[in-house]
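>>> all I have is the shape, not the residue letters:
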């Protein structure tokens, strides 16, 4: 009996020791989104793995695993042709705390929610520079 092909995406995370609690909080946000993705049939499964022995010196300490039924499900939006239409009722731009919160608030509703995040699968300095900002304070 032939086994169906499965497609996995592994993402490795390096987290400073003093940022572990914040990272785990972020992953708990993502866990709810991934559970909804499984429920919607977008992915077959998702998991977060802790890589041992741990600590900053080993390089990556965590790895997320996304399991897909086909390669089409793993769409990198940079490969979608220009002028393509992605349909949804609510679109949250950015997967930071606010974007994730908005997506989570609406994901169990009757509305189709799209969560868009910038960047690719690997760290890119140019993309990270897009997030730089400046603030000014004016004395009134």
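Good, I have the coordinates. It should be emphasised that the depicted structure is a prediction, and the values quoted were computed from it without experimental measurement. Residues are numbered from 1 along each chain as shown.
>>> switch to C-alpha atoms for all contacts and neighbour counts from now on
OK.
>>> helices along this protein, start to end?
Per DSSP state H, the chain carries helices over the ranges 20-40, 97-106, 125-129.
>>> taking helix 97-106 as reference, get the angle to the longest one.
For helix 20-40 against helix 97-106, the angle between stretch directions is 30 degrees (axes from the mean of the first three to the mean of the last three Cα atoms, to 10 degrees).
>>> give me the contact list for helix 20-40.
15, 43, 44, 45, 46, 97, 100, 101, 103, 104, 107, 108 (Cα atoms under 8 Å, 6 or more residues apart in numbering).
>>> can you pull the buried residues of it?
For helix 20-40, burial by neighbour count (16 or more other Cα atoms under 10 Å) applies to 23, 29, 30, 33, 34, 35, 36, 37, 38.
>>> and the last one, how close does it get to residue 9?
Here residue 38 is placed at a distance of 15 Å from residue 9 (Cα to Cα, to the nearest Å).
>>> residue 9 - nearest residue in space that isn't next to it in sequence?
Of all residues not flanking residue 9 in the chain, residue 66 sits nearest, at 5.2 Å (Cα to Cα, 6 or more residues apart in numbering).
>>> measure the one you found to residue 11 for me?
Distance from residue 66 to residue 11, counting by Cα to Cα: 9 Å.
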